[in-house]
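Trainee: fold the following for me, if possible:
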Amino acid sequence: MNKTEMAQKLAKKADISQAQAGEILDHIFSTKPGEGIIAVELDAGRKVSVAGFGNFTTKSRSARKGRNPATGQEIMIPARKYAHFAPAKGLKDRVVD
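Mentor: Okay, the predicted model is just below:
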């Protein structure tokens, strides 16, 4: 499912226009600087919890040594921060066969 299909389903369930549904999804999920509720909270170092669905957090990976696969040369991989999603028990249970 892509964003357009999600907007169509949201519009149908919430009895709103597809354009409004698309705007709502943009307000929640946008990754443009200063936009997107989830991204803004993660930028600020805060956790986003959606009960029964899961948690969005940031994690850090420390700097480490690696190898360039083409040359075999040892390189230094810098530390970085990344987004992480952990599904809640309700979502895990629903997806399991």
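Trainee: who's in contact with residue 58?
Mentor: 42, 45, 81, 82, 83, 84 (CB atoms under 8 Å, 6 or more residues apart in numbering). Backbone N, C-alpha and C define where each C-beta goes, glycine included.
Trainee: quick check: the gap between it and residue 75.
Mentor: According to CB to CB, to the nearest Å, residue 58 and residue 75 sit 24 Å apart.
Trainee: likewise residue 63?
Mentor: 11 Å.
Trainee: residue 57 now?
Mentor: 28 Å.
Trainee: need the helix or strand of the chain with the lowest average pLDDT.
Mentor: One helix or strand of the chain scores below all others by mean pLDDT, DSSP states H and E: helix 89-95, with a mean of 92.
Trainee: which strands and helices sit next to that one?
Mentor: When contacts are defined as 3 or more CB pairs under 8 Å, 6 or more residues apart in numbering; DSSP states H and E, helix 89-95 packs onto no helix or strand at all.
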